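Show me how the following folds:
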Amino acid sequence: MARYHSDPSSGERGSGRHSRCEMLRRAVARQQADDQAREWRGLPRAERRRRLRAALRLTAEALEAESHGAVIRLADGSALLQVQREMEAEADALCGVKRKGAHGGGRVAYRHGHELGSIVLRGARVPVLRPRVRQAGKELSLQT
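Numbers count the residues shown, from 1 in each chain. Have a look, this model is predicted:
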C-alpha cells in the first residue's frame, strides 16, 4: 500500500506525495507574497493606497455580484416552493389530505403519484414535480 502522509511519530517530515505538494504550494505562495511586498515597499504611499483601494473595490464588486446572484437563487427557490405548495393544495382539495383514513366525504378524485412537469421562471423552463390526480380512471388536470 502506498504511503501518502508521513507518520508524525517516525520523525520523518514531508515524505508523502501530498505533503510535498502542499509544501511546494506554500513555498510558491510565500514567494509571491514576498515579491508583492518588495514591489509595494518601493512605491510611494499614495500609489500603495490607490492600489489597495482598487483591490478592495474589485473585492467589493465581486461580493456584490455574488450576493445578488444568491438573492436571485433564493427568490427562484421560493417561487418554485410556492408553486409546488399551490399544486399540492389543489390536489388536497380534490383528493383530501395525504393521511391514511383522513379523506373525508368531499373526495372526488384520488392521487396517482407525481409526474415531471415544468414552469417558466424568469424566461427559462424549470422542472417541477406535479401531483397527478385521477377520477374514474381518467387524469384530471390541475388549474395551477
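
Give the other helices and strands that the helix ranked longest in the chain contacts.
Assignment by DSSP state H gives helix 45-95 as the longest helix of the chain. If you count contacts as 3 or more C-beta pairs under 8 Å, 6 or more residues apart in numbering; DSSP states H and E, helix 45-95 packs onto strand 110-121, strand 124-135. (Glycine included, C-beta is placed from N, CA and C.)

pLDDT-wise, which helix or strand of this protein ranks last?
Scoring the helices and strands of the chain by mean pLDDT, DSSP states H and E places helix 17-41 at the bottom, with a mean of 81.

now the angle between helix 45-95 and it, please.
Interaxial angle of helix 17-41 relative to helix 45-95 (axes from the mean of the first three to the mean of the last three C-alpha atoms, to 10 degrees): 130 degrees.

Count the neighbours of Gly96 for me.
19 (other C-beta atoms under 10 Å).
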